[in-house]
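[1] no sequence for this one, just the structure:
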């Protein structure tokens, strides 16, 4: 127990012209520390140097703690023990990526709202212009021959309005605002997902350089899959064939298997039964879910191509027919009929948001493609200790498919029996989509 001893206490008073002086001298005596502990402590503190977040190296001197002036401490060797320099740098970089990801979530959310407004405003504007032009063409056809100037004004106005509607339809069908809005919604969701994964990793452990590289690759892959600008970077809206969306790095699964550390759990939670179950899940996903969404995506793509051509074509026919209204009933019929049909086509294409449906199918097909790659890459790793824990992996697969463990096992058993009996399975792997 430390004792506080007061060596002296002197209080002196002089005349009123001299200031009073108070002085207290105290000595703190501590019990003697073991020699080895004192030596190690001094070595650690004398060699301790740590690196700040901004990259600077700081040395903080401590005051002398004994009268012999033998122990003068500076910070640190403790950094070498805990690797504070590299850890602080990787953590700072990881937080920088986290901030960038949060900013991208906001950017894509705002852009999605903007492009959804484009779809509504352009659809309403084009339909109002087309209907107005059709009405003018009909009135011009009913106008008597004595009102020459009125007839000319109506024909000219309807022609200009049909021409404007044709140009606006071409632009709208090219960019597909409803599909653009769905792309931004998907991008915002995937960036939020990445944000949560980064926050989870930071909560569980300190990130390293490989974690930083992986996060950077995922951010750049998402940027490439869902670009913000339209000119020069927009995703092709009318590809020759329907392709699933790909928003993950191609080497993601190889690096993920390498990043898992060995565990003391027997077989790392894996068994032959679990591996067989995962292989059957892959077969069901390929045969049912992926195939179905690719079929629906191709069908929606063909419908959208037809509507995108029909809308501007009909307004173009109406624009060419409008100048000849009044010289015969055929031109008036063509202008009014084509304008009315163009309004119906535009309303169905952009009101029903066929482009958004295509992007939804593309995203769902990409989701199942990602699941296939993930399961296959995990099973291809022969060393079970380098895989993700089997029970954890099974739980993730079940949650992504919206199934419980018994349901997951049941669908795997149905798949195995269907391949044995030669009968097609009548159930999808996912219950979410």
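    Nice, I can see it. A quick note: this is a predicted structure, and the numbers were derived from the prediction, not measured.

[2] now the helices for the protein?
    With DSSP state H, the ranges of helices along the chain come out as 35-46, 78-82, 84-142, 148-175, 177-204, 209-225, 252-259, 272-284, 291-321, 329-346, 354-380, 390-401, 405-421.

[3] I'd like those helices written out as a markdown table, with mean neighbour count added.
    (C-beta placed from N, C-alpha, C; glycine too.) As requested, the helices of the chain are exported to a markdown table (neighbours: other Cβ atoms under 10 Å):
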| stretch | mean neighbour count |
| --- | --- |
| helix 35-46 | 12 |
| helix 78-82 | 14 |
| helix 84-142 | 18 |
| helix 148-175 | 19 |
| helix 177-204 | 19 |
| helix 209-225 | 17 |
| helix 252-259 | 15 |
| helix 272-284 | 17 |
| helix 291-321 | 19 |
| helix 329-346 | 21 |
| helix 354-380 | 21 |
| helix 390-401 | 17 |
| helix 405-421 | 15 |
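
[4] in the chain, which ranges drop under the pLDDT threshold?
    Applying pLDDT under 70 to the chain picks out residues 1-87, 144-148, 254-265, 327-328.

[5] Quick check: can you list the domain ranges of it?
    3-82, 87-231+281-380 (automatic domain parsing).

[6] nearest to residue 419, of the ones you listed?
    Taking Cβ to Cβ, domain 87-231+281-380 is the member of those nearest to residue 419, at 7.3 Å.

[7] rewinding a little: would JSON lines of the helices of the chain with distance to residue 266 be doable?
    JSON lines is the format used below for the helices of the chain (distance: least, Cβ to Cβ, whole Å):
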{"stretch": "helix 35-46", "distance to residue 266": "39"}
{"stretch": "helix 78-82", "distance to residue 266": "31"}
{"stretch": "helix 84-142", "distance to residue 266": "32"}
{"stretch": "helix 148-175", "distance to residue 266": "56"}
{"stretch": "helix 177-204", "distance to residue 266": "23"}
{"stretch": "helix 209-225", "distance to residue 266": "27"}
{"stretch": "helix 252-259", "distance to residue 266": "19"}
{"stretch": "helix 272-284", "distance to residue 266": "13"}
{"stretch": "helix 291-321", "distance to residue 266": "38"}
{"stretch": "helix 329-346", "distance to residue 266": "63"}
{"stretch": "helix 354-380", "distance to residue 266": "18"}
{"stretch": "helix 390-401", "distance to residue 266": "11"}
{"stretch": "helix 405-421", "distance to residue 266": "20"}
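
[8] so can I have JSON lines of the domains of the chain showing distance to residue 250?
    As requested, the domains of the chain are arranged in JSON lines below (distance: least, Cβ to Cβ, whole Å):
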{"stretch": "domain 3-82", "distance to residue 250": "32"}
{"stretch": "domain 87-231+281-380", "distance to residue 250": "8"}
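
[9] before we move on, the earlier item: so which of the helices of the chain is nearest residue 231?
    helix 148-175 (10.2 Å).

[10] Now do that closest one against helix 291-321, angle only.
    Orientation check (axes from the mean of the first three to the mean of the last three Cα atoms, to 10 degrees): helix 148-175 against helix 291-321 gives 160 degrees.

[11] got the angle for helix 148-175 vs helix 177-204?
    Here helix 148-175 runs at an angle of 30 degrees relative to helix 177-204 (the same axes, to 10 degrees).

[12] Would you mind pulling up the elements that helix 148-175 packs against?
    Contacting helix 148-175 under the criterion 3 or more Cβ pairs under 8 Å, 6 or more residues apart in numbering; DSSP states H and E are the following elements: helix 84-142, helix 291-321, helix 329-346.

[13] Of all those, which one comes closest to residue 228?
    The closest of these to residue 228 is helix 84-142. By Cβ to Cβ, the value is 6.1 Å.

[14] sorry, back to before: which one of the helices of the chain lies nearest to residue 433?
    Closest to residue 433 of the helices of the chain is helix 354-380 (Cβ to Cβ; 5.1 Å).

[15] Which strands or helices does that closest one pack on?
    The contact analysis (3+ Cβ pairs under 8 Å, 6+ apart) places helix 354-380 against helix 177-204, helix 252-259, helix 272-284, helix 291-321, helix 390-401.

[16] quick check: angle from it to helix 390-401?
    170 degrees.

[17] could you check the angle helix 84-142 makes with helix 354-380?
    Per the same axes, to 10 degrees, the angle that helix 354-380 makes with helix 84-142 is 150 degrees.

[18] hang on, the earlier thing: quick one, which of the domains of the chain is nearest to residue 248?
    Among the domains of the chain, the nearest to residue 248 by Cβ to Cβ is domain 87-231+281-380 (5.7 Å).

[19] picking up where we left off before, select, out of the helices and strands packed on helix 354-380, the one closest to residue 369.
    helix 291-321 (9.7 Å).

[20] For that closest one, name the packing helices and strands.
    Counting contacts by 3+ Cβ pairs under 8 Å, 6+ apart, helix 291-321 packs against helix 84-142, helix 148-175, helix 329-346, helix 354-380.

[21] So what touches the third one?
    Right, helix 329-346. Contact with helix 329-346 is made by 123, 126-127, 130-131, 133-134, 137-138, 140-141, 158, 162, 165, 169, 307, 310-311, 314-315, 317-318, 321-322, 324-326, as judged by Cβ atoms under 8 Å, 6 or more residues apart in numbering.

[22] follow-up on the earlier one: what would the helices and strands packed on helix 354-380 look like in CSV with distance to residue 153?
    Shown next, in CSV, are the helices and strands packed on helix 354-380 (distance: least, Cβ to Cβ, whole Å):
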stretch, distance to residue 153
helix 177-204, 33
helix 252-259, 64
helix 272-284, 66
helix 291-321, 16
helix 390-401, 63
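
[23] Nearest to residue 430 among those helices would be which one?
    The stretch from these with the least distance to residue 430 (Cβ to Cβ) is helix 390-401; that distance is 4.8 Å.

[24] is it true that residue 97 touches residue 217?
    No: taking contacts as Cβ atoms under 8 Å, residue 97 lies outside contact range of residue 217: 10.7 Å.

[25] For residue 209, which of the helices and strands packed on helix 291-321 is the nearest?
    helix 84-142 (5.6 Å).

[26] what angle do the closest one and helix 209-225 make?
    Using the same axes, to 10 degrees: helix 84-142 against helix 209-225 is 10 degrees.

[27] what angle separates helix 84-142 from helix 329-346?
    Comparing the axes of helix 84-142 and helix 329-346 via the same axes, to 10 degrees yields an angle of 160 degrees.
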